[in-house]
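A.B. asks: Just to be clear, the model below is a prediction. Sequence and coordinates:
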2 protein chains.
Amino acid sequence: MDLQVSIDRTPGAPALREQLERQLLGAIRSGALRSGVALPPSRSLAAQLGISRGVVVAAYDQLAAEGFLVVRRGDRTRIAKLPDSPEESIAHPRSSWPTAPIRWDLAPSSPDLSAFPRSEWVTATNRVLRAMPDAALGYGDPRGTMELRTALADYLGRVRGVLTHPDRIVITSGSRQALSLICRVLAAQGARRVAHESPGWRLQRDAALDAGLEPIAAPVDAQGLDHSNVQADAICVTPAHQFPTGVALAPERRGVLVAWAREHAALIIEDDYDSEFRYDREPIGALQGLAPDAVAYIGTAAKTLAPGLRIAWAVLPERLAPVVAQAKSRADRGTPVIEQLVLADFIQRGGLDRHLRRTRLRYRRRRDAFVAALGEQLPEARVEGIAAGLHIVAHLEYGDERALVAALRRAGISAEGLKEHGARHDAAPALVLGYANVPEAAAPAAVSDLVAVLQNGSWR
Amino acid sequence: MDLQVSIDRTPGAPALREQLERQLLGAIRSGALRSGVALPPSRSLAAQLGISRGVVVAAYDQLAAEGFLVVRRGDRTRIAKLPDSPEESIAHPRSSWPTAPIRWDLAPSSPDLSAFPRSEWVTATNRVLRAMPDAALGYGDPRGTMELRTALADYLGRVRGVLTHPDRIVITSGSRQALSLICRVLAAQGARRVAHESPGWRLQRDAALDAGLEPIAAPVDAQGLDHSNVQADAICVTPAHQFPTGVALAPERRGVLVAWAREHAALIIEDDYDSEFRYDREPIGALQGLAPDAVAYIGTAAKTLAPGLRIAWAVLPERLAPVVAQAKSRADRGTPVIEQLVLADFIQRGGLDRHLRRTRLRYRRRRDAFVAALGEQLPEARVEGIAAGLHIVAHLEYGDERALVAALRRAGISAEGLKEHGARHDAAPALVLGYANVPEAAAPAAVSDLVAVLQNGSWR
């Protein structure tokens, strides 16, 4: 039997054995060499190709070890029984994550990614990789590096009034993971119900469900979360800047919420996602600073730096810190080390403070320009939310919110509707609009394109 | 630097200096400003608050005079060490992750961390941060960046015989997460039992338990996993180099295992954790290459580069790829982006191939030296395992394995016992010994220290 095999002897070509293996494997996978077919004896094939017999024997051995050939004493080497080749379906996969071209990115959750301090990040990476001990590259503390936890304990104390210690902090891969781990720990400790803001961040509800807990909707009004009718083992809240409505939790509700949590031995889960951005006054300190024993605080680098970093942190009451650390360890053994050290370096050398001063100014101007353009071009919209964060809510008078969001997306404008975040189905439509990626000068054009879709009317 | 300070300018409010003092003092007493933390220079704080610099200087002076702040020439003003702050309870937590000094690191799971290609990594980071589009820093595809999935599809096809497409790959934060996500998806689809190797990697069992599945022990013999009496919906296996015994799955068992999986509609979960390291021959291709529709393949950068990267990958059958991607999205929304791009760059420019050539040679020499030293100094030990990976198993004649491992740790030698990995309790003791961190020339000394503990006899 002749095999369709050829040998490339040009300099730089793969080793003879590798060439032979690849061609045999290709023939087997393509079906050209079918199950049960006997291969030529190694001596014949070697003679046919003008190579040494040892090369052929080695190639046969390799493919036999991998299960493609069967070698039996007293019989020729044969192709093994193989499943039908799945190659066909592999060549034409259906991607389930298509991305449409976006003209205006008004999604509420993304900061201005062009502001990411790339060159400072490279410099810090260089410094970290020169200085870190080898051992730091191993399986480390599942809570995260001591460097980042220490930097965060200082930073959060200084900027957010958070009272904690590095040993009470667990670094997570994004705030979604922090919330999931806390919910899973609560479930393991016997909790059954977790309250979430309504409207609120979808993940508050999803994380409870994923952990096998019952999510309870708690209403949000102009004073923020109203927990007065809630019965639950834990409650999620965004006190500094409620997501998505943009209101701040009223001062008088802060103390009452903490008292409620103490009385019911419930946990407050504070999501402090974008509190570094407040434009009309100094930011209000974290709720955690009032009651470190009753609050699990979650913060993130997703808004201050970039979501792609996937770095967040949970600041935990003493009793929860070890169990959340264990849950983190079982989930993924810890967050990647090098970028934790880079972020710690960036914080401790003042880079984050400088970056926040720059971006806070930028976002304040973008918010002012965007709100002014809305006021001029769409005066009937009512804009809600304090001067903070990266988004506003624009309440409209009537129409089908879901159809509107879809029409906007078709027009290349990514935005979200308030009902996606749990607003009542019979409420008037409202858009959650992020302005972080719209430069000041572009605000009138962005709003003009938005208004053009609104005036089209097909969504009403 | 930002401080949590605000100024009240309503008539009748306290003097500016007093307001500032009170707030600083509150922050110090509450522990929010911890001992040693530097205050912002008076000029910056004055600018931040819109007050005159003299006011800030006066407030700092007063607090320094009262002993709350320390002023040193040439240094920033810092918070003093205070007796009665709540620091005590917060500052002296019981750390649950102590680290003892280790003389010989013979833990089986760690590669030689000093081999990490630091300067190439910085260069690649620099290149990536210059080239990547802003949008890549946002919330991306939960499966991971297309760049890394493409690089891996090529690399795994070339080096491991894996047949796949980037759309069937999910990048995870370590192989532990990959296994956990797959188990969780199987549980959601109605699976009930997952078989694991015994002895085997503890995580095979833990991941099943965490997902609410029943773990079934399947025996391992000199031919590798024996699945013949297993009834399960999925089976975990380390075919290239069984962990911890170090045997390879026999060629005739490969096809039979695949046939079994097909017949029972069961999933094979292949953990290919250290297969790049084979010293006596070419590595045997992945089982996945025989049956891409029946195998979920897991690989990792933890052994080839460093565990601290926390980058691994799952190569999935078509039916599982979208659901595992969703599970990944719900767990943490995706693995950090920048280092994915750095790894993709490193693979595609040939850096990983070069690094593997260097480290393969290094580990082969270390293995040879370590095994030779054992043969000389401890001839009664039977060494098990093919010439591959980063560890061997040394079977001893009699004694208490757990006491031996504890005695070794007291002597500064980190090693693991085979029973920690599920060997039978009545089996003779055996040590799982990693040689990756023992330089050739140090092998006799490391083995000598090991033998000294063995000969002490207190563990028998």
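C.D. replies: Great, that's in hand.

A.B. asks: State the phi and psi torsions of A:Val393.
C.D. replies: phi -110, psi 130 (degrees, to the nearest 10).

A.B. asks: Contacts only, for the nearest residue to it once chain neighbours are set aside.
C.D. replies: Sequence neighbours aside, A:Glu384 is the residue nearest to A:Val393 in space, at 4.4 Å (criterion: CB to CB, 6 or more residues apart in numbering or on different chains). C-beta: built from backbone N, CA, C; applies to glycine. If you count contacts by CB atoms under 8 Å, 6 or more residues apart in numbering or on different chains, A:Glu384 has them with A:Thr245, A:Gly246, A:Val247, A:Ile392, A:Val393, A:Ala394, A:His395, A:Ala430.

A.B. asks: same check, this time on A:Pro142
C.D. replies: A:Pro142 makes contacts with A:Val170, A:Ala325, A:Gln326, A:Lys328, A:Ser329, A:Arg333, A:Gly334, B:Trp97, as judged by CB under 8 Å, 6+ apart.

A.B. asks: on that earlier part again, inside strands: which ones of the contacts of A:Glu384?
C.D. replies: Among the contacts of A:Glu384, the residues falling in strands (DSSP state E) are A:Ile392, A:Val393, A:Ala394, A:His395, A:Ala430.

A.B. asks: now the first one: how far from A:Gly399?
C.D. replies: When CB to CB, to the nearest Å is applied, the distance between A:Ile392 and A:Gly399 equals 19 Å.

A.B. asks: Specify which member of the ones in strands among the contacts of A:Glu384 is nearest to A:Pro239.
C.D. replies: The shortest gap between A:Pro239 and any of those belongs to A:Val393, at 17.3 Å (CB to CB).

A.B. asks: What is the burial count for A:Glu120?
C.D. replies: 17 (other CB atoms under 10 Å in any protein chain shown).

A.B. asks: did I read that right, it in a helix?
C.D. replies: Yes - A:Glu120 forms part of a helix when assessed by DSSP: H, G, I helix; E, B strand; the rest coil.

A.B. asks: Spatially nearest residue to it, not counting backbone neighbours?
C.D. replies: That would be A:Gly351: by CB to CB, 6+ apart, it lies 5.5 Å from A:Glu120.

A.B. asks: Equivalent analysis for A:Leu16, please.
C.D. replies: Counting by CB to CB, 6+ apart, A:Val55 is the residue found nearest to A:Leu16 once chain neighbours are left out, at 5.0 Å.

A.B. asks: One more: A:Pro429?
C.D. replies: A:Glu401 is the one closest to A:Pro429 (CB to CB, 6+ apart), at 3.6 Å.

A.B. asks: and the residue nearest to A:Leu396 when sequence neighbours are not counted, what does it touch?
C.D. replies: The shortest distance from A:Leu396 to any non-neighbouring residue, by CB to CB, 6+ apart, is to A:Pro429 (4.8 Å). If you count contacts by CB under 8 Å, 6+ apart, A:Pro429 has them with A:His395, A:Leu396, A:Tyr398, A:Gly399, A:Asp400, A:Glu401, A:Leu404, A:Gly417, A:Leu418, A:Lys419.

A.B. asks: Please indicate which of those has the highest neighbour count?
C.D. replies: Neighbour counts for these peak at A:Leu418, which has 24 neighbours (criterion: other CB under 10 Å).

A.B. asks: Now do the phi/psi pair for A:Ala234.
C.D. replies: phi -160, psi 160.

A.B. asks: so it sits right up against A:Arg184, yeah?
C.D. replies: No - proximity of A:Ala234 to A:Arg184 does not meet the contact threshold set by CB atoms under 8 Å, at 12.0 Å.

A.B. asks: quick one on the thing from earlier: shouldn't the residue nearest to A:Leu16 be in contact with A:Glu21?
C.D. replies: No - in this structure, A:Val55 is not within contact of A:Glu21 by CB under 8 Å, at 9.8 Å.

A.B. asks: For these two, work out which one has more neighbours and name it.
C.D. replies: Neighbour comparison, A:Val55 and A:Glu21: the larger count goes to A:Glu21, with 24 against 21 (by other CB under 10 Å).

A.B. asks: Could you check how far the more buried one is from A:Ala65?
C.D. replies: 11 Å.

A.B. asks: give me the number of residues near the residue in the stretch 351-460 of chain A that chain B sits nearest to?
C.D. replies: Proximity to chain B, evaluated over the stretch 351-460 of chain A using CB to the nearest CB, is greatest for A:Asp353 at 5.2 Å. The local packing count at A:Asp353 equals 19, with neighbours defined by other CB under 10 Å.

A.B. asks: Just say helix, strand or coil for it.
C.D. replies: helix.

A.B. asks: Can you name the residues that contact the nearest residue to A:Ala13 once chain neighbours are set aside?
C.D. replies: When the adjacent residues along the chain are set aside, A:Ala13 lies closest to A:Gln19, with 7.0 Å between them (CB to CB, 6+ apart). For A:Gln19, the contacting residues are A:Ile7, A:Asp8, A:Ala13, taking CB under 8 Å, 6+ apart as the criterion.

A.B. asks: Return the entry from those residues with the maximum number of neighbours.
C.D. replies: A:Ile7 (14 neighbours).

A.B. asks: Surely that one is in contact with A:Gln48?
C.D. replies: No - between A:Ile7 and A:Gln48 there is no contact, the gap being 10.0 Å when judged by CB under 8 Å.

A.B. asks: Tell me which residues touch A:Leu378, please.
C.D. replies: Neighbouring residues of A:Leu378 by CB under 8 Å, 6+ apart: A:Ala394, A:Val447, A:Leu450, A:Val451, A:Leu454.

A.B. asks: give me every residue that touches A:Ala59.
C.D. replies: Under the criterion of CB under 8 Å, 6+ apart, the contact partners of A:Ala59 comprise A:Arg17, A:Leu20, A:Glu21, A:Leu24.

A.B. asks: Stretch A:432-440 near chain B at all?
C.D. replies: No - for a cut-off given as CB under 8 Å from any CB of the partner chain, stretch A:432-440 has no contacts with chain B; the smallest distance is 9.0 Å.

A.B. asks: now swap in stretch A:174-188 and tell me
C.D. replies: Yes - contact check for stretch A:174-188 against chain B, using CB under 8 Å from any CB: residues in range are A:Gly174, A:Arg176, A:Gln177, A:Ser180.

A.B. asks: Name every strand pairing with the lengthiest strand in chain A and say which way it goes.
C.D. replies: As far as residue count goes, and with DSSP E defining each element, the longest strand of chain A is strand A:214-221. Partner strands and pairing direction for strand A:214-221 (DSSP bridges) are strand A:193-198 (parallel), strand A:224-225 (antiparallel).

A.B. asks: would TSV of those strands with mean neighbour count be doable?
C.D. replies: Putting the strands paired with strand A:214-221 into TSV (neighbours: other CB atoms under 10 Å in any protein chain shown) gives the following:
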stretch	mean neighbour count
strand A:193-198	24
strand A:224-225	24
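
A.B. asks: Out of these, which gets nearest to B:Arg262?
C.D. replies: In this view, the strands paired with strand A:214-221 are compared for proximity to B:Arg262 by CB to CB, and strand A:193-198 is the closest at 42.4 Å.

A.B. asks: can I get the CA coordinates of the next helix-or-strand element following that closest one in PDB?
C.D. replies: Tracing the chain C-terminally past strand A:193-198 and defining elements by DSSP states H and E, one meets helix A:202-210 next. As requested, the backbone C-alpha atoms of helix A:202-210 are provided in PDB (Å, rounded to 0.1, in the frame of the first residue of the first chain):
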ATOM      1  CA  ARG A 202     -29.900  43.300  38.000                       C
ATOM      2  CA  LEU A 203     -27.000  41.500  39.600                       C
ATOM      3  CA  GLN A 204     -28.300  42.100  43.100                       C
ATOM      4  CA  ARG A 205     -31.200  39.900  42.200                       C
ATOM      5  CA  ASP A 206     -29.200  37.400  40.000                       C
ATOM      6  CA  ALA A 207     -26.500  36.800  42.600                       C
ATOM      7  CA  ALA A 208     -29.200  35.900  45.200                       C
ATOM      8  CA  LEU A 209     -30.900  33.500  42.800                       C
ATOM      9  CA  ASP A 210     -27.600  31.900  41.800                       C
END
